[in-house]
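**Q** Let's see this in three dimensions:
(chains A and B)
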Amino acid sequence: MVKLAEWRGKELFRKYGIPLPRGQVARTPEEAEALARAGTVPLPCVVKAQVLAGGRGKGGAVRFANTPEEAKTAAAAILGLEFKGEKVREVLLEEKLPIARELYLSITLDRSLRLPIVISSAQGGMEIETVDDTAIERTPVHPFPGLASYEKRRVAHVLGVTGPVAKSLDRLLDSLWTLFNREDAELVEINPLAVVGEGLVALDAKVIIEDDAAFRHPEYADIRDDRTPLEEIAREKEIAFVQLDGNIGVIANGAGLTMATLDVLKEFGGNPGVFLDLGGTDDPKKVTEAFLLMARAKPRAVFLNIFGGVTRCDTVARGLVEAMKQVPDAERFPLVARIRGNNEKEGVEILRAAGITSIPTLKDSAQAVIAAAGGAA
Amino acid sequence: MTVLVDENTRVLVQGITGHQGTVHTRQMKAFGTRVVAGVTPGKAGTEVEGVPVFDTVREAVAATQANASCIFVPAPYAKDALIEAVDAGILLSVVVTEHIPFHDMLVMYHYSRSKGGRIIGPNCPGIAAPGKAKVGIIPNVVFQPGRVGVISRSGTLTYEIVNGIKERGLGQSTCIGLGGDPVVGTSFVDALPLFQGDPETDVIVLVGEIGGTAEEDGAEYIRHHVTKPVVAYIAGRSAPPGKRMGHAGAIISRGRGTAETKLAALSAAGAKVARFPYEIPDLVAEIVARQARR
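**A** Now for the predicted structure:
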C-alpha cells in the first residue's frame, strides 16, 4: 500500500474539490518563516510534522505560531525530529481556523460485505478506535449506483449537520467518493472534519492507495514507504521480504505457509527474524537471488520450507545449489531444507548431490533449524 | 455434481496461450478434467495442449458448450475477461490471476452475482474434486479421492494440508482454495453450505489466516447451519502485528481478526481446532474413525 503524507493527501483533496485550510509545505525553518511573512499561510497558524504515524498532537509534532518568527521556531523544533521511528523532513503550515465542531468521516472497504463503506461519527478529532461503537455509523455503498442521496442524508443526520453545512457535506461526500474510486484508494479518512462557520474544512487527510492498482497510477511510483534497504531490493525483485528482530531466516512460498512455519518455529522456542516469501516462480534465478538477499540479512541459520506447486521442488533446489556457490564466505549460514510437493524426488536428489538433506516433516525440520541457530530461546 | 465441479464440468481457459495458462491446461487435463476450449484474443484457430483456441468466450461457448472458466489473464485485463465470461453465460469462474485491484474485483463480484454467477478467487488455487475435475492450479500429486472436504484461504499451505490428509491414508471429496485477497468471490460462508449439502463429504477442514473476519463469519455460519464435523486451523498465530495507517480497517474488525478471536469463534462453534498444520490429519482421522464406529 502507498500511504500518502498529509500534504500529499491534501493535494488530492484539492484536486477533487474538498475544502482545506490555506497552507503550504516547508522543508526548512527559513522557508516556514517566509511563508508566514508573505501571508501565503495566514497567521496565526499550525505547524505540523509530515509523518505517517498518528498521535502527532500529543507527541509534540504539532505546534502553533502567531508570528513569522514563531513559525520559524516551531518548524525548527519539529524538523529533524524522530517521530515514532520516522524522521521529519517536511512540515505543513496551515491557517488556524475558528472550529465550531470536529467530525469524523472516512471511506474504506468492508471485506465481509464486499462493499465500500462510509464511516461517520459526530465525535471527530480523537482516534476513532477510542470512540464508542454506538457513536459510529457505517453506511455500505453499492458500487453500481454509487453514493445515493438518501445515504448522504443519513450521514448528515449522524453528523448532526443541517442547512448550509449539510449542503457542504453533500458536495464533500461526492468528492470523497469519486476520489476513493478514481485514485484506487484503500482508505480516505478526514479526522477531524471541522465545522467552520457555515461550511466544512478537512483539517487532516489520510489516504492509502492500493498497491495492486499501481499500473493505473504511475504518479505514485516515487513514493516510498518506510522499508529497510533490503526490503527495498526485495520489492524490486518481486520477492516478499519482511525483516524483524530474530536470528532464523525463513524462506517459504506463499503467505499461509510462511505464517504456519513461523507458528511452528515459535512453538519450539525459535526466534525467526527474516521472512522471505518466494511466491510462485519457476525461475531458478529468482530462488538464487532470494538466497543471496537472505545471506545479506546475516541470519544465524536459514530454514527453507517449500511446498511445490507452481514453484517446483527441482527449480528451488537448482536455485539453492547455485546460490550456495555464490554466497560470500563471510555470509555463510547453516541451512535446513524441507522441500515437498511437485517434482519432490528430483528436488531432493539435486540437494542430496550438493550435500544437503531435505527433512520431510515440518516438526522435525523446524527443530533442526532451531538447533542450528543455537537452540531454543 | 459434488461441490461446484464434477466429470460434467467443461472448462474454458482464458489466457490459455500464456505460460501459466499453457502449463496448467496440461495439468488440468492430466487430472482428468475436460478442458474443452481456450480463449486468447487474436489467437483463434491455434491449439494449446490439443485444446482449440478462440478469439472470444462467446464463440468458445457456442462451439464447445464450456460451462466453467479458469482465468489466467493478467491483472489489468482480468476484469474484462470475467465480464466477458459472465456475458457468455458462464456461471462458474475461477480467477487465478493475482494482484487484481480490489476496486476491479468489487465490480467483478457484483456483476457476476447480478447474473447469477459465482467467482472463486481471485489470486486463488482454485477447486479440485479428485477423480472428477480440477479448475485451477493445485498440484495434482496431493490428491486422492475420498470424503474430506477442504476450504482454505491459503495457497501453498492448502497443498501442504491436502497432502497431509493423503499421507494419513485419507482422501478428499472437493478442495476449494478461496484466495486471500481483500475481496473474494466465494468466502467461507459461501462455501460451507456447499460442503454441508454435499453427500460425498463427511468431514470439513477449514484453513484460515489472520486478518479480516472471514473466519469469524464462517464460525457463525457453522454454529447455526453446519452439522458435519469441522476441523479448523488458522495460520499466523505468532505473526507480528502489521503497521497500518489510519484506523478505518481496525473499526470494521473491532476486536476481531486476530488468530485468538478466530480460533475462539471456531471452537465455540464446535470445530476441532488444530494448532499446527500437521495436527489436522490426525484430528480428521479421529473423526473418521468415530464415524466408522457408528
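**Q** What sits closest to residue 278 if chain neighbours are left out?
**A** Let's take chain A. A:Asn253 (4.4 Å; Cβ to Cβ, 6 or more residues apart in numbering or on different chains). Backbone N, C-alpha and C define where each C-beta goes, glycine included.
**Q** My question was about chain B, not that one.
**A** A:Leu362 (5.5 Å).
**Q** got a list of what that neighbour touches?
**A** By Cβ atoms under 8 Å, 6 or more residues apart in numbering or on different chains, the contact list for A:Leu362 reads A:260-261, A:264, A:305, A:338, B:160, B:276-278.
**Q** same thing with A:Ala148?
**A** Contact analysis of A:Ala148 by Cβ under 8 Å, 6+ apart lists A:Val141.
**Q** Tell me the confidence at it?
**A** At A:Ala148, the pLDDT value in this model is 98.
**Q** just so I have it, where are all the strands in the stretch 201-350 of chain A?
**A** For the stretch 201-350 of chain A, the strands defined by DSSP state E, counting those that start in this stretch occupy A:206-209, A:240-243, A:248-252, A:272-277, A:301-308, A:335-341.
**Q** Tabulate those (JSON lines), appending distance to B:Gln144, mean pLDDT and mean neighbour count.
**A** Shown next, in JSON lines, are those (distance: least, Cβ to Cβ, whole Å; pLDDT from 0 to 100; neighbours: other Cβ atoms under 10 Å in any protein chain shown):
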{"stretch": "strand A:206-209", "distance to B:Gln144": "44", "mean pLDDT": "94", "mean neighbour count": "24"}
{"stretch": "strand A:240-243", "distance to B:Gln144": "32", "mean pLDDT": "77", "mean neighbour count": "19"}
{"stretch": "strand A:248-252", "distance to B:Gln144": "25", "mean pLDDT": "92", "mean neighbour count": "27"}
{"stretch": "strand A:272-277", "distance to B:Gln144": "28", "mean pLDDT": "86", "mean neighbour count": "24"}
{"stretch": "strand A:301-308", "distance to B:Gln144": "17", "mean pLDDT": "93", "mean neighbour count": "27"}
{"stretch": "strand A:335-341", "distance to B:Gln144": "15", "mean pLDDT": "94", "mean neighbour count": "24"}
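**Q** how about a markdown table for those, with distance to A:Gly197 added?
**A** Compiled in a markdown table, the strands of the stretch 201-350 of chain A are given as follows (distance: least, Cβ to Cβ, whole Å):
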| stretch | distance to A:Gly197 |
| --- | --- |
| strand A:206-209 | 24 |
| strand A:240-243 | 48 |
| strand A:248-252 | 57 |
| strand A:272-277 | 52 |
| strand A:301-308 | 61 |
| strand A:335-341 | 65 |
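**Q** Distance to chain B added to these, as TSV?
**A** As requested, the strands of the stretch 201-350 of chain A are exported to TSV (distance: least, Cβ to the nearest Cβ, whole Å):
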stretch	distance to chain B
strand A:206-209	4
strand A:240-243	8
strand A:248-252	8
strand A:272-277	9
strand A:301-308	5
strand A:335-341	6
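**Q** Which of the helices or strands spans the closest residue to chain B within the stretch 1-150 of chain A?
**A** Nearest to chain B, among the residues of the stretch 1-150 of chain A, is A:Thr108, at 3.9 Å (Cβ to the nearest Cβ). A:Thr108 is part of strand A:101-110, with elements assigned from DSSP states H and E.
**Q** show me what contacts whichever residue of the stretch 151-294 of chain B sits closest to chain A?
**A** Per Cβ to the nearest Cβ, B:Ser154 is where the stretch 151-294 of chain B lies closest to chain A, at 2.7 Å. Residues in contact with B:Ser154 (Cβ under 8 Å, 6+ apart) are A:254-257, B:177, B:180, B:207, B:209, B:235.
**Q** Which residues are in contact with the closest residue to A:Leu113 other than its chain neighbours?
**A** Distances taken as Cβ to Cβ, 6+ apart place A:Pro140 nearest to A:Leu113, at 5.3 Å, with adjacent residues excluded. Contact partners of A:Pro140, counting by Cβ under 8 Å, 6+ apart, are A:110, A:113, A:115-117.
**Q** and the biggest strand by length in chain A, how far from the chain's centre?
**A** Longest strand in chain A, counting residues (DSSP state E): strand A:185-196. Computed by Cα atoms, centre = their mean, to the nearest Å, the separation of strand A:185-196 from the middle of its chain amounts to 18 Å.
**Q** which neighbours does it have in its sheet, and in what orientation?
**A** The pairing partners recorded for strand A:185-196 under DSSP bridges are strand A:101-110 (antiparallel), strand A:199-202 (antiparallel), strand A:206-209 (antiparallel).
**Q** Let's have those strands in JSON lines, adding distance to A:Ala295.
**A** Listed next are the strands paired with strand A:185-196 as JSON lines, based on distance: least, Cβ to Cβ, whole Å:
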{"stretch": "strand A:101-110", "distance to A:Ala295": "38"}
{"stretch": "strand A:199-202", "distance to A:Ala295": "47"}
{"stretch": "strand A:206-209", "distance to A:Ala295": "33"}
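**Q** quick one: terminal-to-terminal distance for stretch B:264-275?
**A** In stretch B:264-275, first residue to last residue: 12 Å (Cα to Cα, to the nearest Å).
**Q** need the helices for chain B, in chain order.
**A** For chain B, the helices defined by DSSP state H occupy B:19-31, B:57-64, B:75-87, B:102-114, B:156-167, B:188-196, B:214-225, B:248-253, B:259-268, B:280-293.
**Q** Among those helices, show me which one is buried the most.
**A** Across the helices of chain B, averaging neighbours per residue (mean count of other Cβ atoms under 10 Å in any protein chain shown) puts helix B:156-167 on top, at a mean of 26.
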